[in-house]
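Chemist: sequence and predicted structure, then a few things I'm wondering about:
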Amino acid sequence: MDFVSIRIITGDINRLVGFYEKITGVQAAWGNEDFAELRTAHGTLAIGSTRTVPLFAPGSARPADNHTVIIEFLVTDVDVLYEKLKNLVEDFVNEPTTMPWGNRALLFRDPDGNLVNFFTPVTPDAIEKFGR
């Protein structure tokens, strides 16, 4: 088995794809007007419109209703990125903070309210864990 992606269902796909393109610097690959992917070296963030939900199972997903998942991106320098994001992100949950497990983390919400974590390993153990 190989984990491939996580998909966000949204009521405004253009807004959400545009947001993730701006904050990640990754250009989305559009499958059609209802589906796009932001592909990175180790995973894909897929974004689908609400019109895709009935293709899987009607009523099985609701946009802007996530209260359990944090979408995480490993970044080179979370502090530098925080300064760049101040004009792009409206809802910061915290400023860059060093966590007990050794990552410096920045938590914020995307336009649909999903939690996003940009993090940089800063302790030797965390650096070794995420060394790529």
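Modeler: Done, it's in.

Chemist: tell me the secondary structure at Ile9.
Modeler: strand (DSSP: H, G, I helix; E, B strand; the rest coil).

Chemist: how about the nearest residue to it once chain neighbours are set aside, phi and psi?
Modeler: Leaving aside its sequence neighbours, Ile9 sits nearest to Ala61 (C-beta to C-beta, 6 or more residues apart in numbering; 4.4 Å). Where you see a C-beta, it was placed from the backbone N, CA and C, and this is true even at glycine. As for Ala61, its main-chain torsions (degrees, to the nearest 10) stand at phi -140, psi 140.

Chemist: and Phe35, by the same measure?
Modeler: phi -150, psi 130.

Chemist: tell me the spacing between the residue nearest to Ile9 and Arg15.
Modeler: Applying C-beta to C-beta, to the nearest Å, the value for Ala61 to Arg15 is 18 Å.

Chemist: give me the pLDDT value at the nearest residue in space to Ser5 that is not next to it in sequence.
Modeler: Counting by C-beta to C-beta, 6+ apart, the nearest residue to Ser5 once its immediate chain neighbours are dropped is Thr44, at 3.8 Å. For Thr44, the pLDDT comes out at 98.

Chemist: quick one: secondary structure of Leu55?
Modeler: Going by three-state DSSP: Leu55 is helix.

Chemist: show me what the longest helix along the chain is packed against.
Modeler: The longest helix of the chain (DSSP state H) is helix 13-24. Helices and strands touching helix 13-24, by 3 or more C-beta pairs under 8 Å, 6 or more residues apart in numbering; DSSP states H and E, are strand 35-39, strand 44-49.

Chemist: ok, what's across the strand from the residue nearest to Ser5?
Modeler: Beta-bridge pairing for Thr44 (DSSP bridges): Ser5, Arg39.

Chemist: leaving out sequence neighbours, find the closest residue to the spatially most central residue of the chain.
Modeler: In the chain, the centroid-proximal residue (C-alpha atoms, centre = their mean) is Ile71; its distance is 4.3 Å. Sequence neighbours aside, Val116 is the residue nearest to Ile71 in space, at 5.0 Å (criterion: C-beta to C-beta, 6+ apart).

Chemist: quick check, distance from the helix or strand hosting that neighbour to the centre of its chain.
Modeler: Assigned by DSSP states H and E, Val116 belongs to strand 115-121. Averaging C-alpha positions (C-alpha atoms, centre = their mean, to the nearest Å) puts strand 115-121 9 Å from its chain's average.
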